[in-house]
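Asks: got a predicted model here, sequence first, then my questions.
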Amino acid sequence: MFSGRATRAVLRVLDWLAEHTLPAEKTAAHHRIGRRGEEAAYFHLRTLGYTMVARNFRSRRCRGEIDLIGWEDDILCFVEVKTRSTRDVKPGEAAVDRHKRREVAAVVREYLRRLPPSCQWRFDVVSVYYGQSKASQPQIEVFRNSSLTA
């Protein structure tokens with residue numbers, strides 16, 4: 001099964017070219033790290049067998065967003081990705097607090113309105129940790145079936 005290695009390599013080359021040829025991005029560093037973590041989580045979940053169907057899903061009716069949505073077998077998975085450059089302060093999965101869970105739950109309800117009522121689903125949290133080196137591979141932990149209740 002194709003794991004996306006070629007796609008990932010192309011994306012890395014394009015990121016490197018953009019970094020070295022385009023003017024400096026006006027995006028905050030933590031947003032760039034977060035985007036990089038979501039990309040790593042996307043490819044990691046694909047290697048675990050998830051079939052990804054949406055990224056950064058938002059609803060007009062409520063605040064918040066769902067980072068990734070994908071199927072694992074016959075279960076629809078709503079995934080929150082938390083990226084960290086260090087484990088010293090707070091683990092990524094602990095950063096999904098009550099407020100964030102409420103926002104995600106509202107967006108999940110909106111998404112599920114489009115699907116049959118019998119659809120099985122769950123909420124997963126993915127923590128991505130980068131080392132000091134930009135070239136290093138991240139450590140990724142998947143917490144399946146996390147609770148959306150506070």
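Replies: Sure thing, it's come through.

Asks: I'd like the next helix or strand past the lowest-mean-pLDDT helix or strand in the chain.
Replies: Of all helical and strand segments in the chain, the minimum by mean pLDDT, DSSP states H and E falls on helix 5-21, at a mean of 78. Once helix 5-21 ends, the next helix or strand along the chain (criterion: DSSP states H and E) is helix 29-47.

Asks: neighbours of the residue lying closest to D124 once chain neighbours are set aside, just the number please.
Replies: Leaving out its chain neighbours, the residue that sits closest to D124 by C-beta to C-beta, 6 or more residues apart in numbering is V79, at 4.8 Å. For every residue, glycine as well, the C-beta is placed using N, CA and C. Other residues near V79 number 28, with proximity taken as other C-beta atoms under 10 Å.

Asks: how close does V79 get to L68?
Replies: Distance of V79 to L68, computed by C-beta to C-beta, to the nearest Å: 4 Å.

Asks: and if you look at R46?
Replies: Computed as C-beta to C-beta, the R46 to L68 distance reads 10 Å.

Asks: repeat that for S146.
Replies: Distance from S146 to L68, by C-beta to C-beta: 14 Å.

Asks: what about the two, which has more around it?
Replies: Shown here are S146 and L68; by other C-beta under 10 Å, L68 has more neighbours (22 against 18).

Asks: can you tell me the element the more buried one falls in?
Replies: Going by DSSP H and E, L68 is in strand 65-72.
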